[in-house]
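Participant: got a structure for you, letters missing:
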């Protein structure tokens with residue numbers, strides 16, 4: 001994985017905030033707090049969008065589109081619920097694009113915590129991520145969103161239900177069937193028994209259940 005400095009990430013986030021502002025000329029002036037929020041949220045929003053879309057450039061475009069829409073409504077966004085509002089906008093924008101027929105590209109995902117580490121990625125780890133990408137890409141868009149939000153973002157069933165506008169029971173069913181599909185996918189079947197590379201004792205792999 002190429003090294004990306006914190007300065008580069010910060011610059012990208014700042015640029016994204018400015019880009020969002022330039023795309024919404026009708027938005028009210030003085031949207032205090034938006035630019036700092038966009039700068040801080042950029043890395044995790046791109047991470048989530050990358051898992052959803054499977055393509056880094058498309059993920060960045062999705063985040064910019066989302067931030068532009070959020071900025072236009074910034075004065076009406078509840079300050080104690082900004083993250084929920086932004087995440088909901090991100091997921092629904094992505095699902096809307098999928099419903100309109102945008103083809104999903106092959107995902108090469110990364111686990112959230114490991115994405116922040118500027119260390120060389122072992123060959124086996126790359127192969128495992130690639131296998132997971134193929135398995136995730138085979139899921140229907142809504143089920144894939146549930147699996148990503150539940151097992152990579154760590155959201156609860158009730159919060160995901162609010163995000164997607166469905167019942168908690170529907171979320172639970174999508175999560176269960178999604179994990180079952182991942183475990184049964186040919187690209188992952190041979191790898192689930194292999195211990196994760198450089199495991200973190202505090203986190204379990206969402207598919208295999210092994211600590212990672």
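Facilitator: Arrived safely, thanks for sending. Given the structure is predicted, the values throughout are model-derived calculations rather than measurements.

Participant: any idea of the mean pLDDT in stretch 63-83?
Facilitator: Averaged over stretch 63-83, pLDDT sits at 90.

Participant: now stretch 179-188
Facilitator: For stretch 179-188, the per-residue pLDDT averages 82.

Participant: end-to-end on that stretch?
Facilitator: Criterion Cα to Cα, to the nearest Å; first-to-last residue distance in stretch 179-188 is 11 Å.

Participant: shaky segments in this structure?
Facilitator: For the chain, the stretches with pLDDT under 70 are 1-31, 98-122, 124-125, 189-212.

Participant: need the longest helix for it.
Facilitator: The longest helix of the chain (DSSP state H) is helix 34-53.

Participant: which strands and helices sit next to it?
Facilitator: For helix 34-53, the packing partners by 3 or more Cβ pairs under 8 Å, 6 or more residues apart in numbering; DSSP states H and E come out as helix 6-22, helix 56-72, helix 82-99, helix 141-151. C-betas here are computed from N, CA, C, even on glycine.

Participant: if you count contacts, what does the shortest one end up packed against?
Facilitator: So the one you mean is helix 141-151. So helix 141-151, by 3+ Cβ pairs under 8 Å, 6+ apart, packs with helix 34-53, helix 82-99, helix 123-137, helix 157-164, helix 168-184.

Participant: again, but for the third one
Facilitator: With contacts taken as 3+ Cβ pairs under 8 Å, 6+ apart, helix 82-99 sits against helix 34-53, helix 56-72, helix 141-151, helix 157-164.

Participant: quickly list the domain ranges of this structure.
Facilitator: Domain segmentation of the chain under automatic domain parsing yields 7-20+32-99, 121-212.
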